[in-house]
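Colleague: my questions are about this predicted structure, shown below with the sequence.
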Amino acid sequence: MAVEELVELKFRLADGTDIGPSKYTSSTTVGSLKEKILAQWPKDKENGPKAINDVKLINAGKILENNRTLAESRSPVGELPGSVITMHVVVRPPFSDKNTDKMQDDSPKKSSCSCSIM
């Protein structure tokens, strides 16, 4: 019986703090990683995620899909054996009822640009 490889991960939040590092098997799904992030989310942080769909995990510039495993999602480029892999956590901001009103609004849209620096 083959021994499954353990991958050491930490999750970097937008403010620069980390959750982890912890070790996971290569067969762990991205969805279960998000569940662990929700369970370990710092209680003192505002605007925490409510569900796994509120969280996006980014590794090596790619947004990871919930149904994929770590083995399928890993990028071998730039990873050193035995090192901790840092995945970035992006939380979807909570939506207000104003967004649903905008979707029903048929008035012409004004072109505008806005930038967010995180």
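Modeller: Good, I have the coordinates. Numbering: from 1, shown residues only.
Colleague: immediately after the longest helix along the chain, which helix or strand?
Modeller: In the chain, taking DSSP state H as the definition, the longest helix is helix 30-40. Counting by DSSP states H and E, the next helix or strand C-terminal to helix 30-40 is strand 55-59.
Colleague: list the strands paired with that next one, with their directions.
Modeller: strand 62-63 (antiparallel), strand 85-91 (antiparallel) (DSSP bridges).
Colleague: wait, which of these is closest to residue 15?
Modeller: Judged by Cβ to Cβ, the one of these that comes nearest to residue 15 is strand 85-91, at 10.4 Å. Bear in mind the C-beta positions are built from the backbone N, C-alpha and C, glycine included.
Colleague: tell me what angle that closest one forms with helix 30-40.
Modeller: 70 degrees (axes from the mean of the first three to the mean of the last three Cα atoms, to 10 degrees).
Colleague: hmm, who's touching strand 85-91?
Modeller: Residues from elsewhere that reach strand 85-91 (Cβ atoms under 8 Å, 6 or more residues apart in numbering): 7-14, 18-19, 33, 37, 47-49, 54-59, 64, 74, 79.
Colleague: may I see the buried residues of it?
Modeller: For strand 85-91, the neighbour count (16 or more other Cβ atoms under 10 Å) marks 85, 87-89, 91 as buried.
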